[in-house]
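Peer 1: Take a look and give me a structure for this.
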Amino acid sequence: MDAEDSVRQAYEAYYQRLVTQTAGLAGDLAEAEDAVHEVFARVLASPASFLRADDAERWLRVAALNVARTRYRRRWLFDRLVRSGRIDITAAAVPGVSGDRVALLAALRRLAPPTREVVVMHHLADLPVTEVAATLDIPVGTVKARLARGRAALARFLSDDEPADEPALVTEEVRHA
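Peer 2: The predicted model follows:
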């Protein structure tokens, strides 16, 4: 099988899961689709490292995560405006998605990026803690701590009595990143 066929099979097998995982990280379906498409375009242009990977899905997930991180850093000002409440994420920003899903994506955007990555990979991608740790190259204990912080913050953000103008969650991880 040639490289193009391998990439095509990986696209058919993993595309939807990668978009779902990346959407949780990016907070926007279109942004997630763009990031995953960018990963596959890069793989088609230079498939050598992808073809040598022991676990193709993990390799693609890490690549998509890195692209999403890069795009996140480039969109820092926009994300800051969204988190401050000056720009709202509406159901129209994510067509075909329920209001609950939009609320969840907005709450996820308020988490510090390292915490958000762990929460999305574990809860939206259904990856075990050990796989999240391996993907992010961090200790299992760090994954568990970030999950605990993320769950607590999401519970606050998604509660009915949480003030709408509360600032985004800022942790030591963000200050030192």
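
Peer 1: by contact count, what packs against the helix or strand harbouring residue 106?
Peer 2: Assigned by DSSP states H and E, residue 106 falls within helix 99-109. Judged by 3 or more Cβ pairs under 8 Å, 6 or more residues apart in numbering; DSSP states H and E, the packing partners of helix 99-109 are helix 3-26, helix 76-84, helix 113-119, helix 140-158. C-beta coordinates here come from the backbone N, C-alpha and C atoms, glycine included.

Peer 1: 6 Å - rerun?
Peer 2: Where contact means 3 or more Cβ pairs under 6 Å, 6 or more residues apart in numbering; DSSP states H and E, helix 99-109 is packed against helix 140-158.

Peer 1: which regions of this protein sit below the pLDDT cut-off?
Peer 2: By pLDDT under 70, the weakly predicted segments of the chain are 1, 75-99, 160-177.

Peer 1: So which residue is smack in the middle of this structure?
Peer 2: By Cα atoms, centre = their mean, the mean C-alpha position of the chain lies nearest to residue 25, the distance being 1.9 Å.

Peer 1: what about the nearest residue to residue 21 once chain neighbours are set aside, how many neighbours?
Peer 2: Excluding the flanking residues, the one nearest residue 21 by Cβ to Cβ, 6 or more residues apart in numbering is residue 125, at 4.3 Å. Neighbour count of residue 125, defined by other Cβ atoms under 10 Å: 18.

Peer 1: hang on, the earlier thing: hang on, isn't the residue nearest to the centre of the chain packed against residue 120?
Peer 2: Yes. The pair residue 25 and residue 120 passes the contact test of Cβ atoms under 6 Å, sitting 5.1 Å apart.

Peer 1: May I see the buried residues of stretch 113-130?
Peer 2: Across stretch 113-130, burial judged by 16 or more other Cβ atoms under 10 Å covers 113-125, 127.
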